[in-house]
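*Asks:* predicted coordinates and the sequence they were generated for:
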Amino acid sequence: MKKILMAILSLALALGIGFAAVGCGANDAIVVCGREASSGTREAFDKIVAKDGKTLEKYSEEANPDENANAGYVSGAQYFSGTGLVANKVASTAGAIGYISLSSVDDTLKALTVEGVAASTATVLDGSYKIQRPFVITTRTAGLAEGSIAADFLSFLQSDDAQAIVEDEGLVSLTETDDRNGTALGTYEPKAEAPAQVTDGCVVIRGSTSMEDVITALVGEYRKVNPWMKESGFSIDLNGSSEGRSAAKDDTVGNVIGLASSASSSDSERYCFYIALDAVAVVVNKDNELENITLAQLYDIYTGTITKWSELSK
């Protein structure tokens, strides 16, 4: 019998017959992928994922088995500095699980339903998809330099034109002033000429990697309606939401726009408004058989109570 089974296995391998990713051999081990501590995506994920009233955020504050500044999940978890890096890891690793912006999910990945709810514009707006967060634009409270290109770009970001780009990028447009942290939308009027001298890096953008696609599209549209604006007039370097908040707070010139992909309110040092809502999608390899996951199961996976896909229902 053993020889027969070995022969069948050898034939299957020779013919290139694959095996399901869930609960089979080496692929049964869950490869836990997360973001570094500075990530707004991680902040949003950790605040929502919970079991018996305890969130991952609280767990990470108390437990750090790998004794790493970016750690806080189960020992051996892998941490990444950007959305694309998480997506690439999960797409190329049969047993991996991670979380990324819904707008970054493509056909190389599989997004799970959470508590039986698929992420969509409707489920984000009605709150039934729980793992969501705002995309935040932030500047120093004192405002950007009067008459500067940075100030003009900010007025564009707070316009109906910008909301059209938001929708095109697959994000959830915010139509109510209260949802935008109290900021009303205006109408942007392109400038016939530059409001100030256009120099390299005259608009400095720092912050969330999850907002890279939408800010790139917004910059592109701004340059399209204002052809005098040079591409080099924007200095964009995205390394996480915490950097975006710090850059806005520490701005002494009045030309910094920070991006943060987690909830934030205006205070004595920073002004904030929400440009969109976004779902944080839970993603697995596209060959994974799992379709749905609960918040409690996610908590158990990221804290190490569940380590194998075969422990979950398909």
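*Replies:* Here it is on my side, so go on. Numbering: from 1, shown residues only.

*Asks:* and V204, what element?
*Replies:* Assigned by DSSP states H and E, V204 belongs to strand 203-207.

*Asks:* contact partners of that strand?
*Replies:* Residues from elsewhere that reach strand 203-207 (Cβ atoms under 8 Å, 6 or more residues apart in numbering): 138, 149-150, 153, 215, 219, 233-241, 243-245, 247-248, 251, 255-261. For the C-beta atoms, the positions are set from N, CA and C on the backbone; glycine is no exception.

*Asks:* same deal with stretch 105-119?
*Replies:* Residues outside stretch 105-119 that contact it (Cβ under 8 Å, 6+ apart): 87, 90-91, 100, 102, 123, 128-132, 279, 281-286, 288, 290-295, 298.

*Asks:* between the two ends of it, how far is it?
*Replies:* Using Cα to Cα, to the nearest Å, the end-to-end distance of stretch 105-119 comes to 11 Å.

*Asks:* please apply the same query to stretch 47-55.
*Replies:* OK, stretch 47-55 end separation, Cα to Cα: 6 Å.

*Asks:* residues of the strand ranked longest in the chain that come out buried?
*Replies:* As assigned by DSSP state E, the longest strand anywhere in the chain is strand 270-285. Across strand 270-285, burial judged by 16 or more other Cβ atoms under 10 Å covers 270-285.

*Asks:* got it, and stretch 139-151?
*Replies:* Buried residues in stretch 139-151 (16+ other Cβ under 10 Å): T139, R140, L144, S148, I149, A150, A151.

*Asks:* now intersect these with the strands, please.
*Replies:* T139, R140.

*Asks:* mind putting the buried residues of stretch 139-151 in JSON lines, distance to I205 included?
*Replies:* As requested, the buried residues of stretch 139-151 are exported to JSON lines (distance: Cβ to Cβ, whole Å):
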{"residue": "T139", "distance to I205": "11"}
{"residue": "R140", "distance to I205": "14"}
{"residue": "L144", "distance to I205": "12"}
{"residue": "S148", "distance to I205": "14"}
{"residue": "I149", "distance to I205": "12"}
{"residue": "A150", "distance to I205": "9"}
{"residue": "A151", "distance to I205": "14"}
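
*Asks:* give me the phi and psi for K47.
*Replies:* The phi/psi pair for K47 (degrees, to the nearest 10) reads phi -80, psi -30.

*Asks:* got the domain boundaries for the protein?
*Replies:* Under the assignment automatic domain parsing, the domains of the chain span 21-132+280-311, 134-278.

*Asks:* just to revisit the earlier point, from the buried residues of strand 270-285, which two are the most distant?
*Replies:* By the measure Cβ to Cβ, Y271 and N285 form the most distant pair in the buried residues of strand 270-285, at 41.1 Å.

*Asks:* tell me, how many residues neighbour G98?
*Replies:* 28 (other Cβ atoms under 10 Å).

*Asks:* SS state for it?
*Replies:* strand (DSSP: H, G, I helix; E, B strand; the rest coil).

*Asks:* quick check, it in contact with L85.
*Replies:* No - taking contacts as Cβ atoms under 8 Å, G98 lies outside contact range of L85: 9.4 Å.

*Asks:* and the strands in the stretch 1-150 of the chain?
*Replies:* 31-35, 50-51, 54-55, 78-80, 96-101, 109-111, 113-114, 132-140 (DSSP state E, counting those that start in this stretch).

*Asks:* now these in JSON lines, with mean pLDDT and distance to N64?
*Replies:* Below are the strands of the stretch 1-150 of the chain laid out as JSON lines (pLDDT from 0 to 100; distance: least, Cβ to Cβ, whole Å):
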{"stretch": "strand 31-35", "mean pLDDT": "96", "distance to N64": "13"}
{"stretch": "strand 50-51", "mean pLDDT": "97", "distance to N64": "18"}
{"stretch": "strand 54-55", "mean pLDDT": "96", "distance to N64": "16"}
{"stretch": "strand 78-80", "mean pLDDT": "94", "distance to N64": "12"}
{"stretch": "strand 96-101", "mean pLDDT": "96", "distance to N64": "19"}
{"stretch": "strand 109-111", "mean pLDDT": "97", "distance to N64": "28"}
{"stretch": "strand 113-114", "mean pLDDT": "98", "distance to N64": "26"}
{"stretch": "strand 132-140", "mean pLDDT": "95", "distance to N64": "24"}
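
*Asks:* now those in TSV, with distance to A184?
*Replies:* Shown next, in TSV, are the strands of the stretch 1-150 of the chain (distance: least, Cβ to Cβ, whole Å):
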stretch	distance to A184
strand 31-35	32
strand 50-51	34
strand 54-55	33
strand 78-80	37
strand 96-101	26
strand 109-111	33
strand 113-114	32
strand 132-140	14
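
*Asks:* so which of these is nearest T177?
*Replies:* It's strand 132-140; of the strands of the stretch 1-150 of the chain, that one is closest to T177 (Cβ to Cβ) at 13.8 Å.

*Asks:* quick one: strands adjacent to that closest one?
*Replies:* Here strand 132-140 has these sheet partners by DSSP bridges: strand 256-260 (antiparallel), strand 270-285 (antiparallel).
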